[in-house]
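>>> Provided below are the primary sequence and the corresponding predicted coordinates.
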Amino acid sequence: MVIEVKIPAVGESITSGVVSAWHKKSGDFVNEGEPLFTLETDKVSTEIVAEKAGTLETKVPEGQEVKIGEVVATIDDSKQPAEQKKEAPSKKAPEQRKEAEPSKKPTEKKEPVAGKKRSSRPRKFVAQAREDA
């Protein structure tokens, strides 16, 4: 199914804007929620995101002024990305798994030294008490 990408209303008094930059090219596969282009108006600059995943087909070049509600692109959600390589983590070589996973070392708790009693006062007060004595 082909989905139309329209210029949304970004304010009450705003009637048009400029497609300042396309973040994706025509023919690129886009994921849902991924930024497609930046719309600039005299009051605000907004990134417009994809409503569905699919292949993008742009209809308007960068720098062109567009009206609110105008169709600037389409997304064909029936087409899947050309490269769909998903490896299971267990199929990676052991050295690759080690690099991908952060090392988790158990934290060592220090046991108090026998015969020494810890003060409940903060360190700086203990240091001042020693200097005063």
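Sure, I can see it. Owing to the predicted nature of the structure, the values given are computational and were not obtained by experimental measurement. Residues are numbered from 1 along each chain as shown.

>>> for the protein, name the helix or strand with the lowest mean pLDDT.
Lowest on mean pLDDT, DSSP states H and E among the helices and strands of the chain sits helix 94-100, with a mean of 52.

>>> where does the protein have low pLDDT?
Confidence mapping of the chain against pLDDT under 70 gives the ranges 81-133.

>>> at 80 instead, please
Within the chain, the segments meeting pLDDT under 80 span 79-133.

>>> would you map the strands across it?
Along the chain, counting by DSSP state E, strands occupy 2-6, 16-22, 29-30, 35-40, 45-49, 54-58, 65-67, 71-76.

>>> dump the ones you listed to a markdown table, plus mean neighbour count.
For glycine as for every other residue, the C-beta is placed from the backbone atoms N, C-alpha and C. Output for the strands of the chain, formatted as a markdown table (neighbours: other CB atoms under 10 Å):
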| stretch | mean neighbour count |
| --- | --- |
| strand 2-6 | 16 |
| strand 16-22 | 18 |
| strand 29-30 | 21 |
| strand 35-40 | 19 |
| strand 45-49 | 15 |
| strand 54-58 | 20 |
| strand 65-67 | 13 |
| strand 71-76 | 18 |
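
>>> for residue 31, list the residues it contacts.
Contacts for residue 31 were tallied using CB atoms under 8 Å, 6 or more residues apart in numbering; they are 50, 53.

>>> I'd like the distance between it and residue 75.
Relative to residue 75, residue 31 is positioned 10 Å away (CB to CB, to the nearest Å).

>>> between these two, which contacts overlap?
In terms of CB under 8 Å, 6+ apart, residue 31 and residue 75 are both contacted by the residues 50, 53.

>>> just give the closest residue to residue 27, not the sequence neighbours.
Ranked by CB to CB, 6 or more residues apart in numbering and with sequence neighbours excluded, the top spatial neighbour of residue 27 is residue 55, at 6.6 Å.
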